[in-house]
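S.K.: sequence unknown, structure follows:
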């Protein structure tokens, strides 16, 4: 059964690894590590560990058969929910958490340390309440989905990348189509008291830069036929689309190496959650090559 990533479990894992040592060291998870009311199976724990490892919040070396590849065993994490493919684990059993789970070694990365600090400053509500509730990404606010699925450390990075990707998408479609998309995005990006984030998804789609937004409306759509013509700037093939996302994202100026495919897929997935099936199919028609594939997979 698919496992949604849970905020409380992420916090406990990061905190345990941090408290048990520095550099690569053995980590043992026991039932006592988990607060009363938090129920977790062996498969769920391994799924969370694998997610944190693949998203580079931790470096981990698993013992046993954690990265087996049996064809007859289902993945323990819903790859569509968290946007990655987790390895199959220890056969198909999904019983209670064993008294002790040991893997060879683990350490927090710098990214993981920053995430832990943020969570310590604002602990998951379920820990305060003493009860754990699974948090599926489909129930999260828009920008939180983008941040988690895109592997961003900051909600503002998620906002900025979303706007760049939306610009690239708008430039490929007629104004009439863009307007229809906007009508379905009138939902807040994040419940917050921060005025810089008090906006609707539609505001990001329309563009917070009025000049850029205006140019998108009066300019003819770029060619999305995926021709690879380096001299024709009006032709936006898949490589140009993805390069634009990477180069125009504000983090590029700081040397942040954004994963283009992961970022695009994260925004696509969060956006599709807000759109009707007809709109989803219509947008696909304007996306070139690999970009369309990412849209359909998201």
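M.R.: Looks like it came in fine. These numbers come from a predicted model, not from an experiment.

S.K.: Please look at residue 145 and residue 273 and confirm they touch.
M.R.: Yes. Between residue 145 and residue 273 there is a contact at 7.2 Å, judged by Cβ atoms under 8 Å. All C-beta atoms are positioned from the backbone trio N, CA, C, and that covers glycine.

S.K.: of those two, who's got more company?
M.R.: residue 145 (23 against 15; other Cβ atoms under 10 Å).

S.K.: And the more buried one, how far from residue 251?
M.R.: To residue 251, residue 145 is 18 Å away according to Cβ to Cβ, to the nearest Å.

S.K.: in the stretch 101-250 of the chain, what spans have low per-residue confidence?
M.R.: Scanning the stretch 101-250 of the chain with the threshold set as pLDDT under 70 gives 101-103, 125-139, 225-234.

S.K.: rerun at 50
M.R.: 101, 130-135 (pLDDT under 50).

S.K.: now the helices for it?
M.R.: Using DSSP state H, counting those that start in this stretch, the helices assigned to the stretch 101-250 of the chain run over residues 110-121, 125-129, 142-150, 155-170, 175-183, 201-206, 210-218, 238-248.

S.K.: Mind jotting down where the strands sit in the protein?
M.R.: Under the criterion DSSP state E, strands of the chain are mapped to 25-30, 58-61, 100-108.

S.K.: Turn those into CSV, including distance to residue 149 and mean neighbour count.
M.R.: Below are the strands of the chain laid out as CSV (distance: least, Cβ to Cβ, whole Å; neighbours: other Cβ atoms under 10 Å):
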stretch, distance to residue 149, mean neighbour count
strand 25-30, 25, 16
strand 58-61, 18, 18
strand 100-108, 21, 17
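
S.K.: Out of these, which gets nearest to residue 164?
M.R.: Smallest distance to residue 164 across the strands of the chain (Cβ to Cβ): 28.7 Å, for strand 58-61.

S.K.: So which residues make contact with that closest one?
M.R.: Contact with strand 58-61 is made by 13-14, 17, 24, 49, 52-53, 103-109, 112, as judged by Cβ atoms under 8 Å, 6 or more residues apart in numbering.

S.K.: same thing but 10 Å
M.R.: Strand 58-61 is contacted from outside by 13-14, 17-18, 23-24, 26-27, 49-54, 66-67, 103-109, 111-112, 115, using Cβ atoms under 10 Å, 6 or more residues apart in numbering.

S.K.: just to revisit the earlier point, pipe the helices of the stretch 101-250 of the chain into TSV and attach distance to residue 293 per row.
M.R.: Shown next, in TSV, are these (distance: least, Cβ to Cβ, whole Å):
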stretch	distance to residue 293
helix 110-121	28
helix 125-129	36
helix 142-150	17
helix 155-170	15
helix 175-183	20
helix 201-206	22
helix 210-218	24
helix 238-248	8
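
S.K.: Redo the strands of the chain as JSON lines? Include distance to residue 5.
M.R.: JSON lines is the format used below for these (distance: least, Cβ to Cβ, whole Å):
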{"stretch": "strand 25-30", "distance to residue 5": "17"}
{"stretch": "strand 58-61", "distance to residue 5": "14"}
{"stretch": "strand 100-108", "distance to residue 5": "17"}
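
S.K.: rewinding a little: the helices of the stretch 101-250 of the chain: which one's closest to residue 32?
M.R.: helix 125-129 (15.1 Å).

S.K.: The nearest residue to residue 242 once chain neighbours are set aside: neighbouring residues, count only.
M.R.: The spatially closest residue to residue 242, leaving aside those adjacent along the chain, is residue 260, at 4.4 Å (Cβ to Cβ, 6 or more residues apart in numbering). Residues near residue 260, counting by other Cβ under 10 Å, number 21.

S.K.: In contact with residue 260: list those residues for me.
M.R.: 161, 165, 239, 241-247, 249, 291, 294.

S.K.: out of those, which are buried?
M.R.: Among the contacts of residue 260, those scoring as buried are 161, 165, 241-242, 244-246, 249, 291, 294 (criterion: 16 or more other Cβ atoms under 10 Å).

S.K.: does residue 213 really touch residue 179, like I thought?
M.R.: No. Contact criterion Cβ atoms under 10 Å: residue 213 and residue 179 do not qualify, at 11.9 Å.

S.K.: Between the two, which contacts overlap?
M.R.: Common neighbours of residue 213 and residue 179 (Cβ under 10 Å, 6+ apart) are 205-206.
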